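Colleague: when you get a sec, could you give me coordinates for this:
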Amino acid sequence: MVVDAELGQFGDLLFGSALAVYVLAMILHAVEHGLLRRAEPAAEARAPVAVGGGADDVTVAPTGPAPRTRAERFGRMGVSLTVLGFGLHAAMLVVRGFAAQRAPWGNMYEFTAAICLVAVAAWLVVLRRHPDLRRLGVFVLLPVIVLMFLAGTVLYTQTAPVVPALRSYWLVIHVSAAVISSGILLLAGVASCLYLLRAAHDADPARLAWTSRLPGADVLDRVAYRATALAFPIWTFAVIAGAIWAEAAWGRYWGWDPKETTAFIAWVVFACYLHARSTAGWRGRRAAVINVVGFAVMVFNLFFVNLVVTGLHSYAGVG
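Modeller: Residues are numbered from 1 along each chain as shown. Predicted coordinates:
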């Protein structure tokens, strides 16, 4: 299998460009978040006003469309840059795949980049359906940027063929399912973390005043639940596909390898979250805590188990 090194380097350039664009987008969203309170007086200035005196007062509403606030302008620019970064990000994986002549998630660098791409895609879908959630952009992009920075530095691997054990069609089936579910669960984990912060502020308005600019706790709860409900069946398929691949590669479906064990623990935690979310007594904070624990297990599985613990998956760093 011939590797195109120059094309691989171009892919790395696209990766760095996407990361830089995401950073700029996060900064613009952060400015939007900081300007939200300042935008409130402008909205009040366009409220209907009474003209006249006494019983003959006439309520006159401002005419014409409401002008965009500074916060909205910064937010829209942030979204535009996020879309640009997503395009560069997707192009990076495509180029990487052509350079290596395989699926572009054969090592930790590519695997992490692919998860971040799915997370951004999920976020853009949410924005398409609910533009009013744009103010969450800074919090969604922050973990994406952190993961991509780690991928481009600590986890970076030059374009190369995969080891013989990974030269299977299951690399596409199993790992792509893990990538898609992990990316969506990243968005769900962020939403649950923000829910806990917003709920704490609602319980005591003197605490965490900055969270008053976030959407309501019920909105964050719905985002987390719907994202997890979408990702959970895909994650279930990834675990099952991994077991089938293990039987073909190692002669057994399940061997309690550290990677397998942690993946199963994550599956159990998310199953508990979905059950808790549908149980009246466990909705709200308790369910959100379970979802955050599941998110933490996924991060632990991605980094500690792949990089520190020795197991059957150590040669690949993915799976």
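Colleague: tell me the pLDDT of Asp257.
Modeller: Asp257 is assigned 80 on the pLDDT scale.
Colleague: and Ala188, by the same measure?
Modeller: For Ala188, the predicted pLDDT is 96.
Colleague: just the element for it, please.
Modeller: helix 170-203 (DSSP states H and E).
Colleague: mind checking what helix or strand follows that helix in sequence?
Modeller: Assigned by DSSP H and E, the successor of helix 170-203 is helix 217-250.
Colleague: what's the first helix or strand after that next one?
Modeller: helix 258-277.
Colleague: could you give the angle of that next one to helix 217-250?
Modeller: 150 degrees (axes from the mean of the first three to the mean of the last three C-alpha atoms, to 10 degrees).
Colleague: mind listing what's buried along helix 258-277?
Modeller: 258-263, 265-267, 269-270, 272-274, 276-277 (16 or more other C-beta atoms under 10 Å). Quick note: C-beta positions are derived from backbone N, CA and C, even for glycine.
Colleague: pLDDT of stretch 5-17, averaged?
Modeller: Rounded mean pLDDT across stretch 5-17 is 92.
Colleague: now do stretch 160-172
Modeller: Rounded mean pLDDT across stretch 160-172 is 76.
Colleague: returning to what we had before: and the helix holding Ala188, how far from the chain's centre?
Modeller: Distance of helix 170-203 from the chain centroid (C-alpha atoms, centre = their mean, to the nearest Å) equals 6 Å.
Colleague: same question, stretch 110-124
Modeller: Counting by C-alpha atoms, centre = their mean, stretch 110-124 comes out at 7 Å from the chain centroid.
Colleague: and stretch 3-21, by the same measure?
Modeller: In terms of C-alpha atoms, centre = their mean, the centre of stretch 3-21 is found 22 Å from the chain centre.
Colleague: do stretch 199-212 as well
Modeller: Computed by C-alpha atoms, centre = their mean, the chain-centroid distance of stretch 199-212 equals 24 Å.
Colleague: show me which positions of it end up buried.
Modeller: Ala199, His201, Thr211.
Colleague: relative to helix 258-277, how tilted is the helix holding Ala188?
Modeller: For helix 170-203 against helix 258-277, the angle by the same axes, to 10 degrees is 40 degrees.
Colleague: what's helix 170-203 packed up against?
Modeller: helix 108-129, helix 137-153, helix 217-250, helix 285-300 (3 or more C-beta pairs under 8 Å, 6 or more residues apart in numbering; DSSP states H and E).
Colleague: hang on, the earlier thing: wait, which of the buried residues of stretch 199-212 is closest to Val95?
Modeller: Nearest to Val95, judged by C-beta to C-beta, of the buried residues of stretch 199-212 is Thr211 at 39.9 Å.
Colleague: so Gly106, which of the three states?
Modeller: Three-state call for Gly106 (DSSP: H, G, I helix; E, B strand; the rest coil): coil.
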